[in-house]
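Novice: Please work out how this folds:
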Amino acid sequence: MTITIDKTSVSRTEQKELLKLSPFELKDKLISLASEGEKHSNAQMLNAGRGNPNWISTTPREAFGLLLQFGLEESRLGSPLPDMGRMPQKKGCAKRFAEFLQAHANDRGAKLLKDAWDYGVTSLKFNPDTYAHEWAEGIIGCMYPVPDRMLHCTERIVHEFLVREMCDSRPPKGSYDIFAVEGGTAAMCYIFDSLMLNHLLHRGDTIAMGVPVFTPYIEIPHFDRYAFKVVNLDAGAERRSDGSHSWQFSDKEIDKLADKRIKAFFLVNPSNPPSYAMRQSSVQRLVKLVKSKRPDLIIITDDVYGTFVPGFRSLMADLPQNTIGVYSYSKHFGCTGWRLGVVAIHENNIFDKMLAKLPAKDRSILNHRYSSITLAPQKLKFIDRMVADSRQVALNHTAGLSLPQQIQMALFSLFDLLDKTESYKKLCQLIVRRRYEALWDGLGIPAPEDESRAAYYAQLDLMVWAEKTYGAGFATYLRKHYECTDVLFRLAENTGVILLHGGGFGGPDWSVRVSLANLPEETYPKIGQYLLEAAEGYVKEWKSWEVNNND
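Specialist: Numbering: from 1, shown residues only. Below is the predicted model:
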């Protein structure tokens, strides 16, 4: 059914005011328009504004449920009281777990638990009783996290997962220290706070940011506590031969990092919203620049979308000494509500070396800050300071991600590690890529080929289309007569489609972000078609305007 896309009822003045909001807040106004439209038309709301995937990984959750039964059985041993158990006992725990697995061999999740058990004991050489007891105690959550940064066995498991997925199974020499946190957003809060608290960054410092980027990351540096000066590395500047954006950093943009005034470089890789991994030539140029000119450069990389690019390799693998790596399990495993993320820092890193070289006065202040949790505060690693800082130091004894969350994280990691054919990962990649192709089918344009694409989102620059198809005169007309968000309001009000404003992510003003994660495949051709029809509506208005003004 064809939907007529008329002008929006939201005035240009109101649109200008709403542009002051984050794209995620602006979305609420669009949803309100779409909801109202549903009442008075056949339009169905299609909210492609959020990145929450509409799939979940089931097997690791089934294993979690079965493991919880084992944990409860362990707690009931020697406890005759109704409704009350005791803490699981370590001695003999492995033998009892083996018996439990045998008794529940046909239950859902049993195969993953059995394979995960064998992997831990055989490949990672875990002590059987220690491994089984960590699972039993962790799954029922009866203890504080010990160690507070991350459970011993769980950290080893997650380390192997990061080596496989973030390092393409080609890790640098040495190992990573890992801090389990409440999702990627918590990781970023902890990182920036600890960099400031430990005098590695200072209020008013200059940092570089790869844009377009997740909107909150644009907003955070400008908060009064940081007041950072921001230099943008713009992935929207480079164009392909057909005029479309490559969404890659040109050599000129990478070379901005040679400026020693820039203390840190922050990026999301693969990017959000363009959804492209940094190409290999840019990575090589950055590696060369850091090693030859900027060995002091702090790099913070959010790699949540890494698993959607075949053969992805994070900067934490190519520049391990300089990089703080962040990974969230939310998108790949469909677990945004679990809040599972990690911070990873290589054991040989510039952060610990920078701490040792701080002025004596700063070192004295920091030694005092951490003196209540260690007798040798000067030896405390940066990542362990981050753990303490996450609980204002004084509450360090209660730091750490909840144990059931850590166990679910371990099971997600084990599921991935034991999937030798990568069938689940390939399916996730296929889902978003098919939706990407479907969107372009609706637009009536062939999708550009690019191996670095994650395809979790699509960022479409309508002004590129306008200039290429109808020339500079049409583009000038759009800029003069409309706000860049006008198309979003037209789509929401007339078709029920919710998209986000790409300019709010530091991208081109007339670009839109389409989430390819949260709607069925068959809806994306409709979104593409509606976008095309909306664009053609502007063309008709422009042609009419030209006729009237030429008269």
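
Novice: any idea how far the closest residue to residue 161 other than its chain neighbours is from residue 164?
Specialist: Nearest residue to residue 161 in three dimensions, chain neighbours excluded: residue 413, at 3.7 Å (C-beta to C-beta, 6 or more residues apart in numbering). C-betas here are computed from N, CA, C, even on glycine. Using C-beta to C-beta, to the nearest Å, residue 413 is found at 9 Å from residue 164.

Novice: Neighbour count: the two, which is higher?
Specialist: The neighbour comparison of residue 413 against residue 164 (other C-beta atoms under 10 Å) goes to residue 413, with 26 against 19.

Novice: if we can go back for a sec, you'd agree the residue nearest to residue 161 is up against residue 156?
Specialist: No. In this structure, residue 413 is not within contact of residue 156 by C-beta atoms under 8 Å, at 9.9 Å.

Novice: Looking at the helix or strand that contains residue 514 now, give me its mean pLDDT.
Specialist: Assigned by DSSP states H and E, residue 514 falls within strand 511-515. The average pLDDT for strand 511-515 rounds to 96.

Novice: Ok, stretch 336-345 next?
Specialist: 97.

Novice: if we can go back for a sec, C-terminal to the strand holding residue 514, what's the next element?
Specialist: Criterion used, DSSP H and E; the element after strand 511-515 is helix 524-550.

Novice: Only the buried residues of that next one, if you could.
Specialist: Applying a neighbour-count criterion of 16 or more other C-beta atoms under 10 Å, one finds 524-535, 537-538, 542 buried in helix 524-550.

Novice: next one: stretch 477-492
Specialist: Applying 16+ other C-beta under 10 Å to stretch 477-492 flags 477-478, 482-492 as buried.

Novice: Next step: those restricted to helices.
Specialist: Mapping the buried residues of stretch 477-492 onto helices (DSSP state H) picks out 477, 478, 486, 487, 488, 489, 490, 491, 492.

Novice: want to throw those into CSV with pLDDT and distance to residue 83?
Specialist: Shown next, in CSV, are these (pLDDT from 0 to 100; distance: C-beta to C-beta, whole Å):
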residue, pLDDT, distance to residue 83
477, 94, 72
478, 94, 67
486, 95, 61
487, 94, 59
488, 94, 54
489, 94, 56
490, 94, 59
491, 94, 55
492, 92, 51
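
Novice: before we move on, back to that, check contacts around the residue nearest to residue 161.
Specialist: 157, 158, 160, 161 (C-beta atoms under 8 Å, 6 or more residues apart in numbering).

Novice: could you flag which of the residues you listed are buried?
Specialist: 157, 158, 160, 161.

Novice: From the contact counts, what lies against the helix or strand harbouring the last one?
Specialist: Under DSSP H and E, the secondary-structure element containing residue 161 is helix 152-165. Taking 3 or more C-beta pairs under 8 Å, 6 or more residues apart in numbering; DSSP states H and E as contact, the helices and strands that helix 152-165 lies on are helix 128-140, strand 176-181, strand 323-328, strand 341-346, helix 403-417.

Novice: Make CSV from those and add distance to residue 518 to it.
Specialist: Formatted as CSV, the helices and strands packed on helix 152-165 follow (distance: least, C-beta to C-beta, whole Å):
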stretch, distance to residue 518
helix 128-140, 30
strand 176-181, 24
strand 323-328, 16
strand 341-346, 20
helix 403-417, 20
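
Novice: Residue 118: neighbouring residues, count only.
Specialist: Residues near residue 118, counting by other C-beta under 10 Å: 11.

Novice: Residue 522 is in contact with residue 441, isn't it?
Specialist: No. Using C-beta under 8 Å, residue 522 makes no contact with residue 441, being 11.0 Å away.

Novice: just to revisit the earlier point, wait, which of the helices and strands packed on helix 152-165 is closest to residue 391?
Specialist: Ranking those by proximity to residue 391 (C-beta to C-beta) places strand 176-181 first, at 12.0 Å.

Novice: Tell me which other helices or strands that closest one touches.
Specialist: By 3+ C-beta pairs under 8 Å, 6+ apart, strand 176-181 packs against helix 152-165, helix 183-197, strand 341-346, helix 382-389, helix 403-417.

Novice: can I get these in JSON lines with distance to residue 353?
Specialist: What follows is these, written out as JSON lines (distance: least, C-beta to C-beta, whole Å):
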{"stretch": "helix 152-165", "distance to residue 353": "22"}
{"stretch": "helix 183-197", "distance to residue 353": "14"}
{"stretch": "strand 341-346", "distance to residue 353": "12"}
{"stretch": "helix 382-389", "distance to residue 353": "10"}
{"stretch": "helix 403-417", "distance to residue 353": "29"}
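
Novice: what about these, which gets the closest to residue 242?
Specialist: helix 152-165 (32.7 Å).

Novice: Nearest spatial neighbour of residue 265, chain-adjacent residues omitted?
Specialist: Counting by C-beta to C-beta, 6+ apart, the residue nearest residue 265 is residue 208, at 4.5 Å.

Novice: Within the helices and strands, which one has that neighbour?
Specialist: strand 206-211.

Novice: quick check: angle from that strand to helix 183-197?
Specialist: Using axes from the mean of the first three to the mean of the last three C-alpha atoms, to 10 degrees, the direction of strand 206-211 lies 160 degrees away from that of helix 183-197.

Novice: Give me the contacts around strand 206-211.
Specialist: Contacts of strand 206-211 (C-beta under 8 Å, 6+ apart): 201, 217-218, 221, 228-236, 249, 256-257, 259, 261-269, 271, 505-507.

Novice: let's go with 7 Å and repeat that
Specialist: Strand 206-211 is contacted from outside by 217, 221, 228-235, 249, 256-257, 261-268, 271, 506-507, using C-beta atoms under 7 Å, 6 or more residues apart in numbering.

Novice: Out of those residues, which sit inside strands?
Specialist: Counting by DSSP state E, the contacts of strand 206-211 place 229-234, 262-268 in strands.

Novice: you'd agree residue 213 is in a helix?
Specialist: No. Per DSSP: H, G, I helix; E, B strand; the rest coil, residue 213 lies outside any helix segment and is coil.

Novice: List the contacts of it.
Specialist: With C-beta under 7 Å, 6+ apart, residue 213 has these contacts: 268, 271, 272, 505, 506.

Novice: The lowest-mean-pLDDT helix or strand in the chain packs against which elements?
Specialist: For the chain, counting by mean pLDDT, DSSP states H and E, helix 23-40 ranks last in confidence among helices and strands (a mean of 83). When contacts are defined as 3 or more C-beta pairs under 7 Å, 6 or more residues apart in numbering; DSSP states H and E, helix 23-40 sits against helix 486-495, strand 497-498, strand 500-501.

Novice: can you put these in CSV and add distance to residue 4?
Specialist: Below are those laid out as CSV (distance: least, C-beta to C-beta, whole Å):
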stretch, distance to residue 4
helix 486-495, 7
strand 497-498, 14
strand 500-501, 23
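
Novice: Show me the one of these that comes nearest residue 402.
Specialist: The nearest among the helices and strands packed on helix 23-40, by C-beta to C-beta, is strand 500-501 at 31.7 Å.

Novice: Find out how far that closest one is from the centre of the chain, if you would.
Specialist: Between the centre of strand 500-501 and the centre of its chain there are 18 Å (C-alpha atoms, centre = their mean, to the nearest Å).

Novice: what's in contact with it?
Specialist: In contact with strand 500-501 (C-beta under 7 Å, 6+ apart) are residues 23, 26, 27, 49, 484, 485, 488, 512, 513.
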